[in-house]
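**Student:** Quick one: sequence plus predicted model below, questions after.
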Amino acid sequence: MEIRPILSTLMRHKTAAALIVLEIALTCAIICNALFMIGTRISQVTETSGLAENEMVRIQLVPIGDDADAEAQTRSDLAMLRQMPGVTAATTVNQVPFVNSSWNSGVRLNPDQQNTTLSATTYMGEEHFLDAFGLTLVSGRNFTADEYQSFETLNTPDSGARVASVITTRAMAERLFPGEDALGKSIYVWGNEPIRIVGIVEHLVRPSMQGGPAAREYSLIMPVRATYNLGGNYVIRTSPERRADVLAAATEALRNNGPRRIILEDNTKTFEELRQEFYQQQRSMAWLLAIVCVALLFITALGIVGLASFWVQQRTKQIGVRRALGATKGQILRYFQTENFLLATIGIVLGMLAAYGINQFLMSQYELPRLPLHYLPVGAVALWLLGQIAVFGPARRAAAVPPAIATRSV
């Protein structure tokens, strides 16, 4: 089919053609970035945490006033929890995943380094931490008994106590020592004394989204026994079917074991519930963006249908003349579809450029990652298909114009 007659017709209808091109360009730019943002949020919601989430519950409490014997109270709580029916592991920890605040520490590779290499979240884990969280060691070992320190001892002036070993995640180890084995290497956290990496776990997410998706697993575990008043988190692991019963029984037991404490009922729940609430905003945003995409595509389709219908009505006599000269219904149909394809292509090219510009703005203002190039052809194919489907109805009506219409007066 010759393109020249189509271009000639479009030049005589510049305003209408320009409007549909701009509509397609705007839709392409928004759709590409919206699909990328939806994909980013879905990947966050479905991320691997590294935890045995369906077996874990969390109880959070706060002390009433100062507790001079918090260490003894914590030991008593843990001994009681570990003896409860259905409990396979219990630990206390300074923070848990799927909350909106976290303990973070700058990590350096040498003591004289001015700027930190990265910021990592710090979990203080006692002997049962790995078991209670269900973490998987992929390299190295767990801490030995002599490596554990109490948090209170570390905070005592002139105690001489320090943390000498640490366990990191695989993602953090690869970021610190790309292409190398991080096991046995030293990092510097909490001062200028080297801390040796003795183990690497496969996954362990941060409590919050600080640092964005790229830093989601920059986590390290310190061999530090945290007391119950340091965050107030007790984590209990049990079988999935017994979580509700164990959570209720453990909450009541902790309430009775230490009267000068308040159980935070709103924060006492299973880890699946914590995860569900933590990602609620991302799920809502993904649905909102999906609705925007559908609405934009629908409006664009209506615009294409309206413009094509208008052109068919305006060119009825011209179509009749072509039919009288021997043009088949298929040729008329292809004419309008080719015309729409050309308009869509121009709009898509402009839309891709606009999509890149919008992404650059979002990167600078909201720390979003760069738009992967494969989202551009996905948006282009979607709009090409949408254009062909939308124009098919008006094109069929044009193809149905009888040759006899050419003999009628205008």
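**Tutor:** Cool, the structure landed. This one's a predicted model, so the numbers in the text were calculated from it and none came from an experiment.

**Student:** how far away is Met318 from Val107?
**Tutor:** For residue 318 the amino acid is Gln, not Met. Gln318 is 72 Å from Val107, where distance means C-beta to C-beta, to the nearest Å. C-betas here are computed from N, CA, C, even on glycine.

**Student:** no wait, Tyr356
**Tutor:** Per C-beta to C-beta, Tyr356 is found 34 Å from Val107.

**Student:** Look at these two and report which has more neighbours.
**Tutor:** Each of Tyr356 and Val107 has its neighbours counted (other C-beta atoms under 10 Å); Val107 has more, 23 against 16.

**Student:** ok, what's across the strand from that one?
**Tutor:** Leu118 (DSSP bridges).

**Student:** Check it and give its pLDDT.
**Tutor:** The model reports Val107 with a pLDDT of 94.

**Student:** show me the contacts for the most centrally placed residue in the chain.
**Tutor:** By C-alpha atoms, centre = their mean, the chain has its centre lying nearest to Gln44, at 2.5 Å. Taking C-beta atoms under 8 Å, 6 or more residues apart in numbering, we find Gln44 in contact with 209, 213, 216, 279, 282.

**Student:** hmm, try it at 10 Å
**Tutor:** 209, 212-213, 216, 278-279, 282-283, 286 (C-beta atoms under 10 Å, 6 or more residues apart in numbering).

**Student:** Quick check: the farthest pair among the residues you listed?
**Tutor:** Farthest-apart pair in those is Gly212 and Arg283; separation 18.1 Å (C-beta to C-beta).

**Student:** Tell me how far the lengthiest helix in the chain lies from the chain's centre.
**Tutor:** When the chain is parsed with DSSP state H, its longest helix is helix 329-366. Taking the mean of its C-alpha atoms, helix 329-366 sits 28 Å from the chain's own mean (C-alpha atoms, centre = their mean, to the nearest Å).

**Student:** Quickly list the domain ranges of the protein.
**Tutor:** 4-45+281-407, 53-278 (automatic domain parsing).

**Student:** Comparing these by mean pLDDT, which bottoms out?
**Tutor:** Looking at the domains of the chain, the weakest mean confidence is domain 4-45+281-407, a mean of 81.

**Student:** who does the closest residue to Glu126 other than its chain neighbours bridge with?
**Tutor:** Of all residues not flanking Glu126 in the chain, Arg225 sits nearest, at 4.4 Å (C-beta to C-beta, 6 or more residues apart in numbering). Beta-bridge pairing for Arg225 (DSSP bridges): Ser150.

**Student:** same check, this time on Ile221
**Tutor:** Tyr123, Ile167.

**Student:** neighbours of it, just the number please.
**Tutor:** Number of residues near Ile221 (other C-beta under 10 Å) recorded here: 25.

**Student:** Any chance of a markdown table for the contacts of Gln44, columns secondary structure, neighbour count and distance to Val166?
**Tutor:** Formatted as a markdown table, the contacts of Gln44 follow (DSSP: H, G, I helix; E, B strand; the rest coil; neighbours: other C-beta atoms under 10 Å; distance: C-beta to C-beta, whole Å):
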| residue | secondary structure | neighbour count | distance to Val166 |
| --- | --- | --- | --- |
| Met209 | coil | 17 | 23 |
| Gly212 | coil | 13 | 23 |
| Pro213 | helix | 15 | 23 |
| Arg216 | coil | 22 | 19 |
| Phe278 | helix | 20 | 26 |
| Tyr279 | coil | 18 | 28 |
| Gln282 | helix | 18 | 30 |
| Arg283 | helix | 14 | 34 |
| Ala286 | helix | 20 | 36 |
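
**Student:** Tell me the one among those residues nearest to Ala327.
**Tutor:** Once C-beta to C-beta is applied, the member of those that ends up nearest Ala327 is Ala286, at 47.7 Å.

**Student:** how much space is there between the residue nearest to the closest one when sequence neighbours are not counted and Glu152?
**Tutor:** Closest residue in space to Ala286, ignoring its immediate chain neighbours: Arg41 at 4.4 Å, by C-beta to C-beta, 6+ apart. Distance, Arg41 to Glu152, using C-beta to C-beta: 41 Å.
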